[in-house]
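Asker: Next input, structure requested:
(one chain, ligands or ions: 1)
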Amino acid sequence: MTTTRKCPICRRPRAEEFTPFCSSRCKDRDLVRWLDDGYALPVPPSELDEDAEA
Ligand SMILES: [Zn+2]
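Answerer: Numbers count the residues shown, from 1 in each chain. Here you go, the predicted model:
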């Protein structure tokens with residue numbers, strides 16, 4: 001009985017190397033997804049206001 005495991009992100013066949021994902025991209029995407037769920041990454045104010053008051 002063989003079950004084809006699929007990447008939970010994009011549903012493509014997963015790769016051994018990136019189990020349970022198909023690629024490093026999907027692996028990263030999953031990480032970002034649960035980070036987004038909990039809290040947003042702080043953005044340095046300097047990057048936001050660079051144009052505001054120069
Ligand atoms: Zn994938």
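Asker: Let me see the mean pLDDT of the helix or strand where W34 lies.
Answerer: Assigned by DSSP states H and E, W34 belongs to helix 24-38. Mean pLDDT, computed over helix 24-38, is 85.
Asker: quick check, it touching the ion?
Answerer: Yes - using Cβ under 5 Å from the ion, helix 24-38 reaches the ion at C26. In short, each C-beta sits where N, CA and C put it, glycine included.
Asker: Show me what that helix is packed up against.
Answerer: Applying 3 or more Cβ pairs under 8 Å, 6 or more residues apart in numbering; DSSP states H and E, we find helix 24-38 packed against no helix or strand.
Asker: which residues are contacting that helix?
Answerer: For helix 24-38, the external contacting residues (Cβ atoms under 8 Å, 6 or more residues apart in numbering) are C7, P8, I9, C10, F18, F21, L41.
Asker: How about the secondary structure of the second one?
Answerer: This means P8. coil (DSSP: H, G, I helix; E, B strand; the rest coil).
Asker: Give me the pLDDT value at R5.
Answerer: If you check R5, the pLDDT there is 86.
Asker: Look up the closest residue to it, ignoring the ones flanking it.
Answerer: Excluding the flanking residues, the one nearest R5 by Cβ to Cβ, 6 or more residues apart in numbering is R14, at 5.3 Å.
Asker: Could you list the contact residues of this structure toward the ion?
Answerer: Near the ion, when you scan the chain using Cβ under 5 Å from the ion, you find C7, I9, C10, C22, C26.
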